[in-house]
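K.L.:
dropping the sequence and predicted coords here.
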Amino acid sequence: MTSWLLQPVCLARIAVLRVIVYLFIPVDVLLTTTFVRAHAQVPGELYAPLRIGRLLPLPTPGPWVETLQVLLVTASLTAAVLAVRDRLPRLAGWVVAGLYLQWMVVAMSYGKVDHDRFAFLVTLFVLPSVGRAGLRSTGRTQAAGWALSMITLAVVATYTLAAVAKLRFGGWDWVDGATLTRAVLRRSTPLSEPLLDVPGVLHAAQYGIMIMELLVAPLLLVRWKDPRRTWALAAGFLGFHLMTFAMITIIFLPHCIALLALLPLERLTVRTRAPVAA
Amino acid sequence: MLSETGRRVRTALTLLVAVLVLAGTFVGQDDDFPFGPFRMYATRDDPDGPVMSTRVEALDTAGTLRVVDERSTGLKRAEVEGQIRRFVADPELLALLAQAHDRLRPTEPAYAEVRVVELSYQLADSRPTGGQSERVVARWTR
């Protein structure tokens, strides 16, 4: 297991991922998850702190959430610049991770917990542990390997354990229920609404989701001889999230960013092999 | 190469996270975030039963019916649903939504009434029959 966990990975992959992740946070915080900032205006009586909010001495959200937003965006942009320059990766990374976790506590403490953040949170906490990693660094280290393994495990867990949760809460006949019909009734789009009249499609999609989450996702853990298999699988899952968005306007955007770690990001900055002569 | 300590710490952290997330999945609840069960869409709806949805709406002082969502009050529909038992038990809590609306949208007319409406769609063989009903489960008037 340790050899799988610590299999060396190219440092440039980590560097590129850092830039993507730290640039994504302002997008997430300012554009795609705007409800978190709005929690600043919700009276404290509606704050229902999660266990983490009760264990840690975290204050009840209020106007300070707007300051937290500024801090988080500033810290992320700074971390992105530092990642490009390969400076202070641990300090910058863990500051961002801590601030983002606090942001998530504000996000999830009002009666609804989303499950698109686990792999992204793991990514934020493991990226700094790699230490210095240049965008053009071709060196491969075990520290980089561990970070990538943790992200991969978290991505796979998000799928596979979601299937386990369906069996736990929905039972073995979840696949034969009407969960997707309810999903479309609540959040239909022009693309999904016609499907209400062909329940067979939604029924089959429930089988598809269960198979994908339970059986296909673990294939991402396999270190294939031909890495293109992993890339194809990752691309397939990204396509699944896009389709979900088209159907019920829910997208696991932070999770998709974590999923990018499985792609050969280092190719964006490093030429891995000389061009092959024709 | 990592030092012996570096390897041990990383292996231990991996096991710790794995244990926490597995415990969350099998016996945890949403409360255990970020290690709680990944339970979005995990419940099962009866293909021949009703499926429920919720709408939160308000009448403003100008008499216009408004949708109450996160843009107007900072609280998402799913969050109102997550705390729905509190609102049903104590509809006065809906005044807090009106308060949040005053803060977030100071230029809009204030809410004179806020109500939580439960919608029920009847299914037959996973297909909506067209039969649906609405019920106000919590109402607050200024």
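P.N.:
Yep, it's here. These numbers were taken from a predicted model, which means no experiment stands behind them.
K.L.:
which strands and helices sit next to the longest helix along chain B?
P.N.:
Secondary structure assigned by DSSP state H gives helix B:4-27 as the longest helix of chain B. With contacts taken as 3 or more C-beta pairs under 8 Å, 6 or more residues apart in numbering or on different chains; DSSP states H and E, helix B:4-27 sits against helix A:2-5, helix A:142-165. For the C-beta atoms, the positions are set from N, CA and C on the backbone; glycine is no exception.
K.L.:
comparing those, which yields the minimum mean pLDDT?
P.N.:
Averaging pLDDT over each of the helices and strands packed on helix B:4-27 singles out helix A:2-5 as the lowest, with a mean of 92.
K.L.:
which residues are in contact with the helix or strand just after that helix?
P.N.:
Going down the chain from helix A:2-5, the next helix or strand is strand A:9-10, by DSSP states H and E. The contact list for strand A:9-10 (C-beta atoms under 8 Å, 6 or more residues apart in numbering or on different chains) reads A:137, A:138, A:139, A:140, A:141, A:144, A:145, A:147, A:148, A:266, A:270.
K.L.:
closest one of those residues to chain B?
P.N.:
Closest approach between these and chain B, by C-beta to the nearest C-beta: residue A:141, at 7.8 Å.
K.L.:
quick one, helices of chain A?
P.N.:
Ranges of helices in chain A, per DSSP H, are A:2-5, A:11-27, A:35-38, A:51-55, A:64-85, A:89-108, A:118-126, A:142-165, A:179-187, A:199-211, A:228-248, A:253-259.
K.L.:
can I get those in TSV with distance to chain B and mean neighbour count?
P.N.:
Shown next, in TSV, are the helices of chain A (distance: least, C-beta to the nearest C-beta, whole Å; neighbours: other C-beta atoms under 10 Å in any protein chain shown):
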stretch	distance to chain B	mean neighbour count
helix A:2-5	6	13
helix A:11-27	14	23
helix A:35-38	3	19
helix A:51-55	5	15
helix A:64-85	10	17
helix A:89-108	5	20
helix A:118-126	5	25
helix A:142-165	4	23
helix A:179-187	4	21
helix A:199-211	4	16
helix A:228-248	9	16
helix A:253-259	10	22
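K.L.:
closest to residue B:3 out of those?
P.N.:
helix A:142-165 (10.0 Å; C-beta to C-beta).
K.L.:
just the angle for the closest one relative to helix A:228-248, thanks.
P.N.:
Going by axes from the mean of the first three to the mean of the last three C-alpha atoms, to 10 degrees, helix A:142-165 is angled at 40 degrees with respect to helix A:228-248.
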